[in-house]
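Novice: Got a sequence here, can you model it:
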Amino acid sequence: MRERFCASMRPNDDLLFGIAVIVLGFLFISINLERAIPAETTRASILQSRSSTAVHIQRASISPLDDDIPVVTHSFFKAGTGNTLFFIASIIGIARSNGRRPVLSKDLSLLKTMNIDLPIINASSLESFKRIQDASVGVYHKKYRNLTALVGSSNVYFAGYLQSYKYFHHCKEEILRQFQFRKSVTDEALELIQNAAEGRAVTLVGVHVRRGDLLKNSRTRGLHRTAPQEYFLTAMARIRSKLPGPLLFVVISDSLEWCRTVFLDEDVRFVRGSVAAVDMKVLASMEHLIISVGTFGWWSAYLSAAKSVTYYRHWYNKDMESGRRFRPKDFFPPEWIADEKELIIRQS
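Specialist: Alright, predicted model coming up:
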């Protein structure tokens with residue numbers, strides 16, 4: 001009886017032995033895996049590593065010179081804020097019209113104040129690009145709508161001012177998105193406006209006065225005419241007569257001393273930001289605008305949602321060749337309408 005009992009248990013013993021072998025095998029594999037993978041490696045770190053690899057591949061795949069899509073860029077010679085914005089906006093518009101990719105050829109200082117997210121290529125790449133020189137100012141050239149006829153499928157860079165809204169007005173939404181100011185700029189501009197308003201509920205009218213560099217620069221002094229004080233006073237009087245009060249005129253200028261001798265009314269405040277972008281953001285935040293000459297004021301108006309914009313029309317000297325070539329219809333958008341008093345009003 002005892003032998004039968006022992007004999008009946010042997011198959012179960014074999015089963016238990018087999019299970020024990022399997023368990024020991026799993027333990028052995030686990031121990032070796034722990035030795036092969038560092039203890040600090042976790043699932044999260046593995047996923048992070050995969051994510052980093054994916055990002056790296058993605059960036060490499062969108063390099064603007066690694067595919068067959070031709071690019072359009074600019075030489076980005078030294079220029080002020082307004083001119084540089086024309087460079088960027090125009091290469092975006094020209095690129096979109098031609099099915100090409102707009103890129104920057106320099107890490108511009110403007111990128112510190114605006115959220116422009118175009119790819120940046122090495123400036124040395126321009127050596128292999130086709131160059132298009134354009135010395136005109138305020139002139140639109142229709143031929144740039146077909147770059148293939150000019151340069152084939154080559155990459156191209158422009159050297160010139162490209163100062164016409166017609167190059168990019170068809171993609172204005174993209175321009176406004178690219179030219180959004182960084183938060184630090186917006187915050188400073190808002191603080192300046194609030195300080196000027198002093199907590200009062202007022203209708204804000206921005207006044208941009210450019211004089212200083214135009215009077216001092218011998219190269220441009222004969223070409224550009226500064227707006228006379230009568231222009232500003234007439235424009236301000238016109239707005240006062242048409243808008244219900246209270247109004248607040250916020251003046252931004254490179255000649256604030258001159259402005260303080262001209263604008264003597266109590267509804268005027270003088271403002272200056274820490275950088276040019278802050279001044280532009282202040283102007284672009286106004287409900288109405290009065291601007292004088294130059295591209296800085298132009299862009300302040302273009303980037304704004306102002307209900308009306310008044311600007312000085314005759315700022316190019318027609319006695320000079322460059323002034324005679326300037327085409328107001330190419331420079332000013334069609335919704336900006338002239339009146340007989342040499343003031344131009346855009347009504348929204």
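Novice: after the helix or strand of the chain with the lowest mean pLDDT comes which helix or strand?
Specialist: Ranked by mean pLDDT, DSSP states H and E, the weakest helix or strand in the chain is helix 43-61, scoring a mean of 28. Sequence-wise, the next helix or strand downstream of helix 43-61 (DSSP states H and E) is strand 71-74.
Novice: quick one: the strands in the stretch 101-250 of the chain?
Specialist: 101-102, 130-134, 156-160, 203-209, 247-253 (DSSP state E, counting those that start in this stretch).
Novice: Give me the contacts around the fourth one.
Specialist: Judged by Cβ atoms under 8 Å, 6 or more residues apart in numbering, the contacts made with strand 203-209 from elsewhere in the structure are 193, 197, 227, 232, 236, 239, 243-255, 258-259, 263, 268, 282-283, 285-292, 296-297, 300, 306. No exception for glycine: its C-beta is placed from N, CA and C like everyone else's.
Novice: which of those are buried?
Specialist: Buried by 16 or more other Cβ atoms under 10 Å: 193, 227, 232, 236, 239, 247-255, 258-259, 263, 268, 282-283, 285-292, 296-297, 300, 306, out of those.
Novice: Among these, which ones are in helices?
Specialist: Applying DSSP state H to these, the entries found in helices are 193, 232, 236, 239, 258, 259, 282, 283, 296, 297, 300.
Novice: pLDDT and distance to residue 175 added to those, as JSON lines?
Specialist: Below are these laid out as JSON lines (pLDDT from 0 to 100; distance: Cβ to Cβ, whole Å):
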{"residue": "193", "pLDDT": "98", "distance to residue 175": "24"}
{"residue": "232", "pLDDT": "93", "distance to residue 175": "28"}
{"residue": "236", "pLDDT": "94", "distance to residue 175": "30"}
{"residue": "239", "pLDDT": "92", "distance to residue 175": "27"}
{"residue": "258", "pLDDT": "95", "distance to residue 175": "33"}
{"residue": "259", "pLDDT": "96", "distance to residue 175": "30"}
{"residue": "282", "pLDDT": "98", "distance to residue 175": "20"}
{"residue": "283", "pLDDT": "98", "distance to residue 175": "17"}
{"residue": "296", "pLDDT": "95", "distance to residue 175": "16"}
{"residue": "297", "pLDDT": "94", "distance to residue 175": "17"}
{"residue": "300", "pLDDT": "97", "distance to residue 175": "14"}
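Novice: Include distance to residue 170 when you put the residues you listed into CSV, please.
Specialist: As requested, those are exported to CSV (distance: Cβ to Cβ, whole Å):
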residue, distance to residue 170
193, 32
232, 33
236, 34
239, 31
258, 39
259, 37
282, 28
283, 25
296, 23
297, 23
300, 21
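Novice: Need the max-distance pair from these.
Specialist: 193 and 258 (22.5 Å; Cβ to Cβ).
Novice: quick one: the helices in the stretch 51-200 of the chain?
Specialist: Assigned by DSSP state H, counting those that start in this stretch, the helices in the stretch 51-200 of the chain fall at 81-98, 147-151, 172-178, 183-197.
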